[in-house]
Every structure is written in structure tokens, then in C-alpha cells.
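*Asks:* I'd like to go over a predicted model; first the sequence, then the structure.
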Amino acid sequence: MAEQRVEFRVDRRSGVPTYLQIVAQTQQALRLGLLEPGDRLPTAREVVEATAINPNTVLKAYRELERQGLVEGRRGLGTFVLRTLGAEGAHSPLRSALDDWALRARTAGVDRETAAALMASALDAHFPKEDP
């Protein structure tokens, strides 16, 4: 597989630990088909340079992804994707419908936060939340 690039964004004000933000962003990329089996994740050094976070934080995130069976570290080579999380991928009919909806919302003057709230409301209506 070709080497895919995923760019991590860290929100220091979110209250979510940085390593969990990296885990969640990787999981999302796997669900959307942006990362596929065989793709290499950015090295810890690359992530540190792009985000100015501690290298140990990146390694902790990658260890968690490895624990989940999603990636595998290969000494001297990097960290590679073992499996994806989504069957639909970024080019599915559902994704196209969502893209169309988002474009219509933006054209209608809906801001990002309102669009996110509308989507969250629809998801809550159709996907019951799991009990903790």
C-alpha cells in the first residue's frame, strides 16, 4: 500500500488528553478510509514537529492503537495500519449524501457549529447512546 499522510491537530483547550486526540483522529481516518492496511502513520518525530507535543505522548497514542489491534510498530520502519474500522469509506454513497447536505447547509448560511448540532441531534434520534 502507498504511504498515507494523516495530519494530527491538537486542541489544547478541549480538556481531552492529547494522546486520546491522536487516537481518535487515527480512528476517524480509519473509519473514513483515509488510512488503509499497510499505510504508515507519521513518525513520532514528524508528529512532534507538526504539533509541538512531547514525543512520549505520540508513542503513548500509538501504543494504545496497537493495543486495540489497529496498528503495528515495526522497529526501525515505523508504525503501520493493520486494519480499518469502516466498511463504507470516504467515497461511499452515504459520504456523498453527507457532503451534499453539508454544502446545502453552508449555502443556506448555516455555520459549522449549528451544522454539527443538527447532525448530532439527528444521530441522537437514530442511534441510541450506549450505557456507560
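*Replies:* Sure thing, it's come through.
*Asks:* which intervals of this protein have sub-threshold pLDDT?
*Replies:* By pLDDT under 70, the low-scoring segments of the chain are 1-5, 87-91, 131-132.
*Asks:* tell me the domain ranges of it?
*Replies:* 18-81, 93-126 (automatic domain parsing).
*Asks:* Ends of the longest one, what's the gap?
*Replies:* Using Cα to Cα, to the nearest Å, the span of domain 18-81 from its first residue to its last is 20 Å.
*Asks:* Just the helices from the protein, written as ranges.
*Replies:* 18-31, 44-51, 55-67, 93-107, 112-126 (DSSP state H).
*Asks:* by contact count, what packs against the last one?
*Replies:* Think helix 112-126. helix 93-107 (3 or more Cβ pairs under 8 Å, 6 or more residues apart in numbering; DSSP states H and E). In this view, the C-beta of every residue, glycine as well, is placed from N, C-alpha and C.
*Asks:* most packed of the helices of the chain?
*Replies:* Of all the helices of the chain, helix 18-31 has the most neighbours on average by mean count of other Cβ atoms under 10 Å, namely a mean of 19.
*Asks:* If you compare the directions of that one and helix 55-67, what angle comes out?
*Replies:* Here the directions of helix 18-31 and helix 55-67 differ by 40 degrees (axes from the mean of the first three to the mean of the last three Cα atoms, to 10 degrees).
*Asks:* hmm, what's the outermost residue in the protein?
*Replies:* Ala108 (27.7 Å; Cα atoms, centre = their mean).
*Asks:* Okay, it and Leu82: tell me how far apart.
*Replies:* 41 Å (Cβ to Cβ, to the nearest Å).
*Asks:* cool, and His126?
*Replies:* 31 Å.
*Asks:* returning to what we had before: mind checking which of the domains of the chain is nearest Arg12?
*Replies:* Of all the domains of the chain, the one in closest proximity to Arg12, counting by Cβ to Cβ, is domain 18-81 (7.7 Å).
*Asks:* Looks like Val115 contacts Ala102 (just checking).
*Replies:* For residue 115 the amino acid is Ala, not Val. Yes: judged on Cβ atoms under 8 Å, Ala115 makes contact with Ala102 at a distance of 6.5 Å.
*Asks:* Who are the contact partners of Thr26?
*Replies:* Val6, Leu35, Leu41, Ala61, Leu65, Leu70, Val71 (Cβ atoms under 8 Å, 6 or more residues apart in numbering).
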